[in-house]
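> Give me a 3D structure for the following:
(chains A, B, C and D)
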Protein chains: 2
Amino acid sequence: MELPHAYAVTVDLVVLTIRDNRLCALLVERGLPPYRGNWALPGGFVLPDEDLMAAAIRELGEETGITGHLEQIATYGAPDRDPRGRVVTVAYLALMPDQPMPTAASDVSNADWRPVDSLGGLAFDHDRILADGVERARAKLEYTPLAAAFCPPEFTIADLRQVYEVVWGSALDPRNFHRKATSTVGFVEPTGRATDGQRGRPAQLFRRGDAAVLHPPLLRP
Amino acid sequence: MELPHAYAVTVDLVVLTIRDNRLCALLVERGLPPYRGNWALPGGFVLPDEDLMAAAIRELGEETGITGHLEQIATYGAPDRDPRGRVVTVAYLALMPDQPMPTAASDVSNADWRPVDSLGGLAFDHDRILADGVERARAKLEYTPLAAAFCPPEFTIADLRQVYEVVWGSALDPRNFHRKATSTVGFVEPTGRATDGQRGRPAQLFRRGDAAVLHPPLLRP
DNA sequence: ACAAAAGTGTTCCTCATACACCCATGT
DNA sequence: ACATGGGTGTATGAGGAACACTTTTGT
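Numbering: from 1, shown residues only, chains lettered A, B, ... in the order given. Coordinates of the predicted model:
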């Protein structure tokens, strides 16, 4: 039997970070048609003999130089989603600590971190993909220790709480959050070190724990 | 820019139902190479100008004659997953009440419902896809009213509890489950009718409620 | 009367929330 | 001393687990 080879396959990345207390996504300004000059999610074609996840890892490295947590969001394949023809895209989610400004890749004219609220008008169906990615990130914080992926290797409980507050867009009680984070096994591991206090009492520093899921979960208000 | 058209795209279906108190998946025996004679998930190529979900709905109709709940599981695209060449498949999950034996489609020699435990040796990477689909179904029962998708239009609380017990593989307390199901808003709606009791007191009949999510969720033990 | 399944009430425990309070630092 | 943020203790309430108990049918 002969296979129909009628599709192009791409990966698109929803890369999230926290800058200036806002949840930001990595976007690129397209340097080629279609949607030339529009902002879009970073991404690109899957190479021959390359797995989907490998393509996502490669693209993430090209755009940010960073290897972080990557997870599939969903796949989008509406027949008219790309004016060039039939393109099916597999979207991946990445979370990372605040990075220096990403360097623009060859096929884009610019790249920047942009707050995910007050966003719209992205190329293709990327508004929808970004929204799905953000919702996935919000949900993952509830039952995994993934919030630490937004933090540097060592962080305080207040740093971690900031992540939740920014991603969820709602304030949390610092006292209850502290108890919850430190008492849930595998969420955070104490390093024994503490910050030099700049304002107030110095805080203990923690590393990310090794739990895959949080028991019990930390639910949105 | 010219697009690389190097991929075939398929949809594969994890269609689950409950028969004889076991969680069963719809499988087909392949009538053509590769994997001729092996059991596999039903599925097929996405047509030109067809959306992915539309392809899944079409395949489900062809295999079962039924339109049910459909939801994307994930996408699988390892370079060697199909010996014929580069095939990327988007997997969908469907849940449905017990059906009469499905009719075999033209390109398969047989079709059957098979219990998902004690399964293995499926064609391609379908063991993995099936496992992911089953895990998704187990998780969805926790926070959505989707268990009713396994039941006929009208069902008793005991029927619904059976669904949970079979899918999760663990016993639940009938009294607590009853209270929980009937008190969670939007989970089930009373019809006013009741079963003719065959053994014991007749049970009230319910319809599926209209809630999208369960508040609070019904967690696995 | 008895078995069997439906459905209710009650107790105990875990955990989320709210908030009073103490601790450790800089100014 | 005071402001600022880190961290602990404790009361209250919602909901889960366990299980005694009542209800309604068939045999």
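
> use CA for all of it now, contacts and neighbours both
Noted.

> Looking at chain A, which residue is nearest DNA strand D?
Nearest residue of chain A to DNA strand D (CA to the nearest atom of the strand) works out as residue A:200 at 2.6 Å.

> In three-state terms, how would that residue be classified?
With DSSP: H, G, I helix; E, B strand; the rest coil as the basis, the three-state label of residue A:200 is coil.

> in what helix or strand does residue A:131 lie?
helix A:126-143 (DSSP states H and E).

> is any part of whatever helix or strand comes next after that helix close to DNA strand C?
Where DSSP H and E defines the elements, the next helix or strand beyond helix A:126-143 is helix A:157-168. No. Legend: contact between helix A:157-168 and DNA strand C by CA under 7 Å from any atom of the strand is lacking; minimum distance shown is 12.3 Å.

> Run through the neighbouring helices and strands of the helix holding residue A:131.
Helices and strands touching helix A:126-143, as assessed by 3 or more CA pairs under 8 Å, 6 or more residues apart in numbering or on different chains; DSSP states H and E, comprise strand A:8-19, strand A:69-76, strand A:87-95, helix A:157-168.

> Can I get the ones you listed in a markdown table including distance to DNA strand D, mean pLDDT and mean neighbour count?
Output for the helices and strands packed on helix A:126-143, formatted as a markdown table (distance: least, CA to the nearest atom of the strand, whole Å; pLDDT from 0 to 100; neighbours: other CA atoms under 10 Å in any protein chain shown):
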| stretch | distance to DNA strand D | mean pLDDT | mean neighbour count |
| --- | --- | --- | --- |
| strand A:8-19 | 17 | 97 | 24 |
| strand A:69-76 | 26 | 97 | 20 |
| strand A:87-95 | 22 | 98 | 25 |
| helix A:157-168 | 5 | 98 | 20 |
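
> Any chance of CSV for those, columns distance to residue B:34?
Compiled in CSV, these are given as follows (distance: least, CA to CA, whole Å):
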stretch, distance to residue B:34
strand A:8-19, 23
strand A:69-76, 26
strand A:87-95, 24
helix A:157-168, 47
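
> closest one to residue A:26 among these?
strand A:8-19 (5.4 Å; CA to CA).

> and that closest one, which strands flank it?
strand A:22-30 (antiparallel), strand A:43-45 (antiparallel), strand A:87-95 (parallel) (DSSP bridges).

> Tell me the spacing between residue A:115 and residue A:147.
Distance check for residue A:115 against residue A:147: by CA to CA, to the nearest Å, it reads 18 Å.

> Same drill for the two, tell me which one is more crowded.
Between residue A:115 and residue A:147, counted using other CA atoms under 10 Å in any protein chain shown, the more crowded position is residue A:147 (24 against 19).

> Surely that one is in contact with residue A:162?
No. With contact defined as CA atoms under 8 Å, residue A:147 does not reach residue A:162; the gap is 9.6 Å.

> With adjacent residues omitted, what lies nearest to residue A:82?
Nearest non-adjacent residue to residue A:82, counting by CA to CA, 6 or more residues apart in numbering or on different chains: residue A:124, 6.3 Å away.

> Tell me the predicted confidence for residue A:104.
We have a pLDDT of 57 for residue A:104.

> before we move on, the earlier item: which among the helices and strands packed on helix A:126-143 is found nearest to residue B:84?
Nearest to residue B:84, of all the helices and strands packed on helix A:126-143, is strand A:8-19, at 17.2 Å by CA to CA.

> hmm, who's touching the closest one?
Strand A:8-19 is contacted from outside by A:23-26, A:41-46, A:52, A:55-56, A:60, A:86-98, A:129-130, A:133, A:150, A:163, A:166, B:3-7, using CA atoms under 8 Å, 6 or more residues apart in numbering or on different chains.

> Now, of the residues you listed, which are buried?
With neighbours counted by 16 or more other CA atoms under 10 Å in any protein chain shown, the contacts of strand A:8-19 contain buried members at A:23-26, A:41-46, A:52, A:55-56, A:60, A:86-98, A:129-130, A:133, A:150, A:163, A:166, B:4, B:6-7.

> near DNA strand D, which residues of chain A?
So far as CA under 7 Å from any atom of the strand goes, chain A lies against DNA strand D at A:156-158, A:174-176, A:178-179, A:199-204.

> Single out whichever of those has the smallest pLDDT.
Comparing pLDDT over the residues of chain A next to DNA strand D, the lowest score belongs to residue A:199 (88).

> Which ChimeraX command selects the buried ones in the residues of chain A next to DNA strand D?
Buried subset of the residues of chain A next to DNA strand D, written as a ChimeraX selection, criterion 16+ other CA under 10 Å:
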select /A:156,157,158,204
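
> Roughly how far does residue A:83 sit from residue A:124?
Distance, residue A:83 to residue A:124, by CA to CA: 9 Å.

> out of the two, which sits in the busier spot?
More crowded of residue A:83 and residue A:124, by other CA under 10 Å: residue A:124, with 18 against 12.

> tell me the contacts of that one?
If you count contacts by CA under 8 Å, 6+ apart, then residue A:124 has A:35, A:40, A:81-82 around it.

> Most neighbours among those, please name it.
residue A:40 (26 neighbours).

> Up against chain B, what does chain A have?
A:3-9, A:48-52, A:72-80, A:84-85, A:90 (CA under 8 Å from any CA of the partner chain).

> So residue A:93 is in contact with residue A:75, correct?
No. Contact criterion CA under 8 Å: residue A:93 and residue A:75 do not qualify, at 12.0 Å.
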